[in-house]
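what follows is a predicted structure for the sequence shown.
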Amino acid sequence: MKLVRFLLFPLAVLYDLITTIRNILFDVSVLKSTSFKIPVIVVGNLSVGGTGKTPQIEYLIRLLKGHHKVAVLSRGYKRKTKGFILLKESHTAMDVGDEPLQYFKKFSNIDVAVNENRVEGINNLIAQKSPKVVLLDDAFQHRKVKGSFYILLTKYDDLFTADFLLPTGNLRESRKGAKRADVIVVTKCPTEINTIEKDFIKSKLKKFNKKVFFTTISYADKISGDKEISLDNLKEFEVLLLTGIANPDPLLKFLSFQNIQYRHLKYGDHHHFSSKDVADIQQTFTNLASDKKLILTTEKDYTRLKNRLEELFYLEIETQFLENKNIFNTIIKSQIQ
């Protein structure tokens, strides 16, 4: 795989040229960026793969929804529909995508919409719902929208500064794109990260002259489904772990640290679970020897598989700041007048 990526390096050079020209055209206003009268907070990254955008959006929802009317706009990745859709109870992940559906089901008193045309989507939200702030999910490269504040995410063990452009690496655009960010959040840090490690990471990011924050993933102390089961009691079960996310490794490490034994079925990110997939998973579950068994998945996958599998549960996660949480919160709140 590494050899193949190396051989594709000329394509990465071409890709860099195309994306750089595109960004320059936006920077000099040859290509149009639309700004809005209300705050539009953009959460995104420079790389493909899971950097923790969903829990970061959820963190912002929790922070703001008690004080402001919040709307979330996503493109609705891998949905089977097109155009603007304002989410309602009858929608499925096939209609709107798994992440938007998760936001809608999880939080009351917010509006969630999907639209591949983000400018049109924001205008429709403003016209129909009059939000005080729009959270734009996974839109760092969506230059047609001029956000009021940009949060750039990068993983602790996979910093964008050490990556290369597609297809040689995983970057969607040059590292120089980080200059558009207002803050950089280093995600999925180990809870025991020390000052030396943080200072080293800050030194790698120093040239971008941005405030840097460090976060980790916090796991719930129970799993949820038709009922709740504590992690202590989960040790008594035979667990079939089912994931369809970009990087399940942190979850695997967490379960192992909790001494929870599991059998893992791994699917690709945002995998569309066909009827055959569901039947195969159900058969694998049925074949487990124990009478005390369950299927455990991620909250994102649960939105796609609820009511399709027996004994299905999910483990909730949250973004947790390791330091300077109040500073971050104050910066975000200051964007909304």
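Perfect, I can see it now.

can you show me the CA trace of stretch 207-219 as CSV?
Output of stretch 207-219 as CSV, limited to C-alpha atoms (Å, rounded to 0.1, in the frame of the first residue of the first chain):
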residue,chain,number,x,y,z
LYS,A,207,4.0,28.6,12.3
PHE,A,208,0.2,28.8,11.8
ASN,A,209,-0.1,31.2,14.7
LYS,A,210,-3.3,29.8,16.1
LYS,A,211,-4.6,29.1,19.6
VAL,A,212,-4.2,25.3,20.1
PHE,A,213,-6.5,23.2,22.3
PHE,A,214,-6.2,19.6,23.4
THR,A,215,-9.2,17.2,23.7
THR,A,216,-9.8,13.6,24.3
ILE,A,217,-12.7,11.2,23.8
SER,A,218,-14.7,10.5,27.0
TYR,A,219,-16.7,7.3,27.0
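
got the contact list for it?
52, 55-56, 152, 156, 178-179, 181-191, 193, 198, 201-202, 205, 250, 254, 315-324, 327-328, 331 (C-beta atoms under 8 Å, 6 or more residues apart in numbering). (Glycine included, C-beta is placed from N, CA and C.)

show me the residues you listed that map onto helices.
Residues from the contacts of stretch 207-219 lying in helices, with DSSP state H as the criterion: 55, 56, 198, 201, 202, 205, 250, 254, 327, 328, 331.

in this structure, which spans are helices?
Going by DSSP H, the chain shows helices at 2-7, 9-27, 53-64, 93-96, 98-106, 118-129, 195-205, 231-234, 249-257, 275-286, 299-305, 325-333.

quick one: closest of these to residue 37.
For residue 37, the closest of the helices of the chain is helix 118-129, at 8.0 Å, according to C-beta to C-beta.

buried stuff in the closest one?
The neighbour-count check on helix 118-129 (16 or more other C-beta atoms under 10 Å) flags 118, 119, 121, 122, 124, 125 as buried.

and of those, the nearest to residue 310?
The closest of the buried residues of helix 118-129, once distances to residue 310 are taken by C-beta to C-beta, is residue 121, at 36.8 Å.

which residue is the nearest non-sequential neighbour of the closest one?
Using C-beta to C-beta, 6 or more residues apart in numbering and skipping the chain neighbours, the partner closest in space to residue 121 is residue 115 (3.1 Å).

thanks again, I'm all set now.
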